[in-house]
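# My questions are about this predicted structure, shown below with the sequence.
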Amino acid sequence: MTNLSPRMSQLREQSINAIPTLDPERALLLTQFYQNDQLFNKIS
């Protein structure tokens, strides 16, 4: 990348090198949301 500040370069590297993780609470909330027909039908 060109013309990135040192801080932005560091943040970019941290993002690229980050190890993906799964958040069980977030997964559960999303599952419950999509399983609720009333909420899902309002969005789609």
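Cool, the structure landed.
# Can I get the strand or helix carrying residue 33 in CSV, CA atoms only?
In the assignment (DSSP states H and E), residue 33 maps to helix 24-35. Presented in CSV, the C-alpha positions along helix 24-35 are these (Å, rounded to 0.1, in the frame of the first residue of the first chain):
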residue,chain,number,x,y,z
PRO,A,24,-20.1,-18.5,20.3
GLU,A,25,-22.4,-15.8,21.6
ARG,A,26,-22.5,-14.0,18.3
ALA,A,27,-23.1,-17.3,16.5
LEU,A,28,-26.0,-18.1,18.8
LEU,A,29,-27.6,-14.7,18.4
LEU,A,30,-27.4,-14.9,14.6
THR,A,31,-28.8,-18.4,14.6
GLN,A,32,-31.7,-17.3,16.9
PHE,A,33,-32.3,-14.2,14.7
TYR,A,34,-32.5,-16.2,11.4
GLN,A,35,-34.7,-18.9,13.0
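# That one packs against which elements?
Under the contact criterion of 3 or more CB pairs under 8 Å, 6 or more residues apart in numbering; DSSP states H and E, helix 24-35 touches helix 37-43. From N, CA and C alone the C-beta is placed, and that goes for glycine too.
# hang on, the earlier thing: how about the helix holding residue 33: buried residues?
By 16 or more other CB atoms under 10 Å, helix 24-35 has no buried positions at all.
# now that helix: how far from the chain's centre is it?
14 Å (CA atoms, centre = their mean, to the nearest Å).
# what does stretch 20-36 give?
Distance, centroid of stretch 20-36 to centroid of chain: 11 Å (CA atoms, centre = their mean).
# Could I get the average pLDDT for that stretch?
Averaging pLDDT along stretch 20-36 yields 90.
# On the three-state scheme, the residue lying farthest from the centre of the chain is what?
Computed with CA atoms, centre = their mean, the residue of the chain farthest from its C-alpha average is residue 3, at 26.3 Å. Using DSSP: H, G, I helix; E, B strand; the rest coil, the structure places residue 3 in coil.
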